[in-house]
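Engineer: return a 3D structure for these sequence lines:
(one chain, ligands or ions: 2)
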Amino acid sequence: MTVGTTLALGCVADDYTGASDLANTLTRAGLRTVQTIGVPADGLELPEVDAVVVSLKSRSIAADAAVAMALDAQRWLAARGAGHTLFKICSTFDSTDQGNIGPVTDALRAACGGGPVLVTPAFPETGRTVFMGHLFVGSQPLHESPLKDHPLNPMRDSNLVRVLARQSQAGVGLIDRMTVARGADAVRARRDELGATGQGAAIIDAVADADLAIIGAVALDGPLSTGASGLGLGLARALVASGRVRPAENGVADVARPVGGPAAILAGSCSKATLEQLAAAEALYPVLRLDTDALLDNPTAEVARALAFADARLSAGPVVIASSATPERVAALQARHGREAVGHRVEQALADIAAGLTERGVRRLVVAGGETSGAVVDRLVVPAFLVGPEIAPGVPVLRAAGLAGGDRLMALKSGNFGGRDFFANALALMG
Ligand SMILES: Nc1ncnc2c1ncn2[C@@H]1O[C@H](COP(=O)(O)OP(=O)(O)O)[C@@H](O)[C@H]1O
Ligand SMILES: O=C(O)[C@@H](O)C(=O)COP(=O)(O)O
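Structural biologist: Ligands and ions are numbered 1, 2, ... in the order given. Presented below is the predicted three-dimensional model:
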């Protein structure tokens with residue numbers, strides 16, 4: 001592969017939509033960036049880049065497995081000279097008390113060295129802000145937002161110092177907004193104070209991109225930070241400001257050059273935003289709502305029904321296939337079959353449908369949902385993505401190049417991202 005130059009930034013993302021969100025942010029900030037699926041195999045051809053985002057599907061798995069995957073990715077990045085590693089987590093801090101943000105941060109700190117790790121999921125462009133350690137989604141505290149009903153990671157505590165402490169071996173402190181407002185040296189002083197009292201991580205407040213630029217500059221003092229795309233923006237700005245990266249023309253338009261073939265949209269996200277986007281799509285495209293009870297009883301038959309639906313319509317235009325359901329229906333299904341079993345089986349069915357669609361010539365595919373995107377991209381065996389134009393904050397067009405059968409354009413939408421017209425906007429940019 002051609003990652004011959006020293007990487008300025010190495011990123012380990014805990015899901016694939018999150019990775020594309022981060023790759024989008026870094027690209028827009030002037031870093032030449034590529035998103036790989038898993039740790040790249042030796043010999044994978046990649047362009048010259050400043051940053052690599054290694055996508056893992058580790059957000060909702062056991063901590064020890066997530067730690068092993070993250071360490072593996074970090075070793076690969078460090079071997080390419082990455083001076084700093086960003087562990088990319090969700091801007092809504094998706095994780096239960098058994099979650100792995102704490103264990104992975106602890107393990108990466110042990111591997112990389114350094115003092116307390118700065119941790120912030122703030123991403124102001126999408127309404128995620130952190131104040132006094134509490135995460136807000138728009139104007140709602142996390143625990144009152146739709147994230148309280150997430151199918152896999154219901155978020156019921158907005159205080160991230162508490163949430164991270166419950167998952168961590170080392171203590172967790174707070175660097176508040178008043179400190180950030182006083183600038184980089186004040187943040188450094190507070191970080192060192194926390195280090196002196198043995199804290200391993202610090203949740204750091206941020207309510208605007210200017211805060212993240214300060215945080216990015218301080219984070220670069222050390223080898224590791226943990227956060228969402230907002231922190232990626234801060235790190236990218238600091239790398240450019242310090243002259244370590246010369247901002248590149250991003251060339252995103254060329255990445256989205258047409259690939260032809262039919263188009264499809266698959267949704268496994270049950271988030272409020274995705275449910276609204278699906279309602280808007282009903283007016284534009286044929287939409288099949290999967291019968292999840294039938295799917296759990298006989299997945300093969302439900303997948304065949306979905307592919308027959310597509311067969312009858314694909315030549316006329318894009319089709320939409322969705323398992324998405326309201327929190328009440330999700331809760332009822334989980335009560336009958338168990339949370340993990342439902343999530344896994346629905347994801348696998350959507351991956352089967354994606355494979356069937358690809359066999360039918362689909363070359364443009366939009367997927368809604370992080371876990372869902374992980375299952376689909378794994379099934380399609382995509383090794384890496386180049387980053388194209390932004391469809392909505394946090395969601396770029398992606399090009400999977402060098403695949404047998406030709407290039408493919410995809411968009412991996414975080415369940416919570418995008419406005420009502422997201423699907424139409426995505427297809428408009430995908431030729
Ligand atoms: N009707 C449904 N009932 C229960 N769970 C569902 C249903 N449809 C999808 N799921 C599961 O919900 C989870 C949604 O997670 P994900 O794809 O990450 O979306 P998001 O990006 O909104 O977090 C997946 O595990 C998916 O398989
Ligand atoms: O930071 C974010 O919100 C996204 O980049 C992200 O990780 C979204 O995850 P999913 O909602 O599970 O797609």
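Engineer: and this structure, which residues reach ligand 1?
Structural biologist: With Cβ under 6 Å from any ligand atom as the criterion, the chain meets ligand 1 at residues 150-152, 268-271, 292, 323-325, 329-330, 333, 342-343, 346-347, 369-372, 414-415. Any C-beta I mention is one placed from the backbone N, CA and C, and that applies to glycine too.
Engineer: just the buried residues of stretch 93-111, please?
Structural biologist: The neighbour-count check on stretch 93-111 (16 or more other Cβ atoms under 10 Å) flags 93-96, 99-109, 111 as buried.
Engineer: need the worst-confidence member of those residues.
Structural biologist: In terms of pLDDT, the weakest of the buried residues of stretch 93-111 is Thr96, which scores 88.
Engineer: do I have it right that that one meets Asn153?
Structural biologist: Yes: Thr96 is within contact range of Asn153, at 5.7 Å (criterion: Cβ atoms under 8 Å).
Engineer: hey, where'd the strands end up in the stretch 201-350 of the chain?
Structural biologist: 224-227, 263-267, 287-289, 319-322 (DSSP state E, counting those that start in this stretch).
Engineer: distance to ligand 2 added to those, as TSV?
Structural biologist: Below are the strands of the stretch 201-350 of the chain laid out as TSV (distance: least, Cβ to the nearest ligand atom, whole Å):
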stretch	distance to ligand 2
strand 224-227	9
strand 263-267	11
strand 287-289	20
strand 319-322	15
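Engineer: any idea which of those is most buried?
Structural biologist: Highest mean neighbour count of the strands of the stretch 201-350 of the chain: strand 224-227, a mean of 28 (counted as mean count of other Cβ atoms under 10 Å).
Engineer: and that strand, what other elements does it pack with?
Structural biologist: Applying 3 or more Cβ pairs under 8 Å, 6 or more residues apart in numbering; DSSP states H and E, we find strand 224-227 packed against strand 85-88, helix 101-112, strand 117-120.
Engineer: pLDDT at whichever residue of the stretch 51-200 of the chain sits closest to ligand 1, what is it?
Structural biologist: Distances between the stretch 51-200 of the chain and ligand 1 by Cβ to the nearest ligand atom are smallest at Pro151, namely 3.6 Å. In this model, Pro151 is scored at 90, pLDDT.
Engineer: repeat for Pro47
Structural biologist: With respect to pLDDT, Pro47 scores 83.
Engineer: what about it, which SS state?
Structural biologist: The three-state label for Pro47, taken from DSSP: H, G, I helix; E, B strand; the rest coil, comes out as coil.
Engineer: my guess is it contacts Thr36. True?
Structural biologist: No: if you go by Cβ under 8 Å, Pro47 and Thr36 don't touch, sitting 11.9 Å apart.
Engineer: compare the two (neighbour count), which wins?
Structural biologist: Thr36 (25 against 14; other Cβ atoms under 10 Å).
Engineer: low-confidence stretches in the stretch 101-250 of the chain?
Structural biologist: In the prediction, the stretch 101-250 of the chain carries no residues with pLDDT under 70.
Engineer: can you map out the helices along it?
Structural biologist: Secondary structure of the stretch 101-250 of the chain (DSSP state H, counting those that start in this stretch): helices at 101-112, 160-167, 177-181, 184-196, 209-219, 229-241.
Engineer: now these in TSV, with distance to Asp407?
Structural biologist: Converted to TSV, the helices of the stretch 101-250 of the chain look like this (distance: least, Cβ to Cβ, whole Å):
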stretch	distance to Asp407
helix 101-112	33
helix 160-167	40
helix 177-181	43
helix 184-196	43
helix 209-219	33
helix 229-241	25
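Engineer: great, nothing more from me.
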